[in-house]
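Participant: coords please:
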Amino acid sequence: MMVLTGQGKYRDPLEIPANEAHVSSNLRTLSEYSTPEINHRLRNYLKFIFVREPFERLVSAYRNKFTRRYNTAFHKRYGTKIIRRHRQEPSNQALERGDDVRFQEFVYYLLDPRTQVEEPFNEHWERVHSLCHPCIIHYDVVGKYETLAEDANYVLQLVGADASVKFPSSSKTTRTTDDMTAQFFEDISPFYQRRLFNLYKMDYLLFNYSIPSYLRLR
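Facilitator: Residues are numbered from 1 along each chain as shown. Okay, the predicted model is just below:
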């Protein structure tokens, strides 16, 4: 999006510094327009959404936000709260730093009724149907992370982007996979697996994802 709207400042998405890519003011959001302008865009613009297998997305968010040392903001804001509420006899260091949240504790946090009462889910683990409202906004394209490059280039064709604009191919070898996700769920009891599945069930239904074979829901 920054390449497409940057008046030639960038030609390769991978050359954009990470800190600049995360500056929200670099791209305008729909809420910044007037109501007539919003309605015009919703009626006439190409609208697309990209989704991912819900539990793979969830494990990916956990790995990135709670197991990477550099994500201190997430450790402080969420990690300390998760450990305080969902770990028996936590150490003072864990309570202060919040940088060693276990996946099981993260699951307890998501299912804790107090969590969403206090504040909405963070966008990295909010249900996509709640985050992007596909039942209200009529998206023209629903792309999937599993076919990301192919779907993204299809969107670029639809918007008439210059042929030189290409969606970058990923060379990451640390990407969260289905097998990796299954390993994380090994230590989650069937009771909590079912509750977590029910929490994300609408995303599975709306975006045609199958129930993971590793779940023990019965």
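
Participant: for the rest of this, base every contact and every neighbour count on C-alpha atoms.
Facilitator: Fine.

Participant: now do the contacts for the residue nearest the centre of the chain.
Facilitator: Among the residues of the chain, the one closest to the centroid is H124, at 3.8 Å (CA atoms, centre = their mean). Under the criterion of CA atoms under 8 Å, 6 or more residues apart in numbering, the neighbours of H124 are 58, 61.

Participant: distance of it from L95?
Facilitator: Note on H124: its distance to L95, by CA to CA, to the nearest Å, is 23 Å.

Participant: and what of L58?
Facilitator: Counting by CA to CA, the gap from L58 to L95 is 23 Å.

Participant: got a list of contacts for stretch 134-141?
Facilitator: Contacts of stretch 134-141 (CA under 8 Å, 6+ apart): 42, 46-49, 129, 155.

Participant: so where's the protein uncertain?
Facilitator: 171-172 (pLDDT under 70).

Participant: which parts of it are strands?
Facilitator: 48-51, 141-144 (DSSP state E).

Participant: and the longest helix along the chain, what does it pack against?
Facilitator: In the chain, with assignment by DSSP state H, the single longest helix is helix 190-206. Where contact means 3 or more CA pairs under 8 Å, 6 or more residues apart in numbering; DSSP states H and E, helix 190-206 is packed against helix 54-66, helix 103-111, helix 128-132.

Participant: just those helices: most buried one?
Facilitator: helix 54-66 (a mean of 20; mean count of other CA atoms under 10 Å).

Participant: in TSV: the strands of the chain, plus mean neighbour count.
Facilitator: Output for these, formatted as TSV (neighbours: other CA atoms under 10 Å):
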stretch	mean neighbour count
strand 48-51	16
strand 141-144	17
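
Participant: and of those, who's closest to R63?
Facilitator: strand 48-51 (18.1 Å; CA to CA).

Participant: what's the closest one in contact with?
Facilitator: So strand 48-51 is contacted by 128, 132, 139-145, 155, 207 (CA under 8 Å, 6+ apart).

Participant: repeat for stretch 181-192
Facilitator: Counting by CA under 8 Å, 6+ apart, 55-56, 59, 103-104, 107, 193, 214-218 sit against stretch 181-192.

Participant: mind putting the residues you listed into a markdown table with distance to D179?
Facilitator: A markdown table is the format used below for those (distance: CA to CA, whole Å):
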| residue | distance to D179 |
| --- | --- |
| F55 | 11 |
| E56 | 9 |
| V59 | 11 |
| F103 | 16 |
| Q104 | 17 |
| V107 | 18 |
| Q193 | 16 |
| Y214 | 9 |
| L215 | 12 |
| R216 | 15 |
| L217 | 18 |
| R218 | 21 |
